[in-house]
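Student: My questions are about this predicted structure, shown below with the sequence.
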Amino acid sequence: TQLRRISLRGHGLTGEFPQYVNNGNFRDLNILILAGNELTGTLPDFNNLQSLYSLDVGYNNLTGDIGTIPDLPDHIRIIRINGNDFSGEFPDTGWPDYSQLKTIKMNGNALTGSIPCSFWSKLDNSTLNYAWFQDNKISDPCSSGAEAMQGNGKLKLAY
């Protein structure tokens, strides 16, 4: 129950995404890296992972709606869900102010709808390095909101 880090990148893991990570037994979990495997299924909600500051599940075969992503703790620093098959409308609301976010990668999915201009202002902070959303089916990324972000001066932005 005191586990702080799970890092299983590129280990050939198969099967459903482990829903038990949100069962309440991992309250101290800071880092969850399951990227580069063959995991399927959907992401759990994140209500029991309030210590989480790094989520990397990129390059799996995960599906479903990204509706639970805004439920990540507002102190999260890394969000990588890129290279999966997530779909659905980009959430209009519910996004916290990500004051410590360094990386957000949602590219390479099947997200639809538009990115609200208010979303970009919630991302903008002095530590932000990457904000990647390209290779989705976004109809309107609110490019004016994205281009107004400052980041840390080295911001790499793709939408």
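Tutor: Yes, it's here.

Student: okay, now the closest residue in space to N109 that isn't next to it in sequence: neighbour count?
Tutor: Closest residue in space to N109, ignoring its immediate chain neighbours: F86 at 4.2 Å, by CB to CB, 6 or more residues apart in numbering. Every residue, glycine included, has its C-beta placed from N, CA and C. Neighbour count of F86, defined by other CB atoms under 10 Å: 23.

Student: F86 should be in a helix, yeah?
Tutor: No: the assignment for F86, made by DSSP: H, G, I helix; E, B strand; the rest coil, is strand rather than a helix.

Student: list the contacts for it?
Tutor: Contacts for F86 (CB atoms under 8 Å, 6 or more residues apart in numbering) come out as 62-66, 106, 109-111.

Student: Please identify the helix or strand for the most centrally placed residue in the chain.
Tutor: Centroid-nearest residue in the chain, with CA atoms, centre = their mean: I79, separated by 3.4 Å. Per DSSP states H and E, I79 falls inside strand 78-80.

Student: Give the pairing partners of that strand; include direction for each.
Tutor: strand 54-56 (parallel), strand 103-105 (parallel) (DSSP bridges).

Student: Identify each buried residue in the helix or strand following the last one, please.
Tutor: Following the chain from strand 103-105 toward its C-terminal end, the next helix or strand by DSSP H and E is strand 110-114. In terms of neighbour count (16 or more other CB atoms under 10 Å), strand 110-114 has its buried residues at L111.

Student: picking that back up, columns mean neighbour count and mean pLDDT on top of the strands paired with strand 78-80, output as JSON lines?
Tutor: Output for the strands paired with strand 78-80, formatted as JSON lines (neighbours: other CB atoms under 10 Å; pLDDT from 0 to 100):
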{"stretch": "strand 54-56", "mean neighbour count": "21", "mean pLDDT": "98"}
{"stretch": "strand 103-105", "mean neighbour count": "20", "mean pLDDT": "95"}
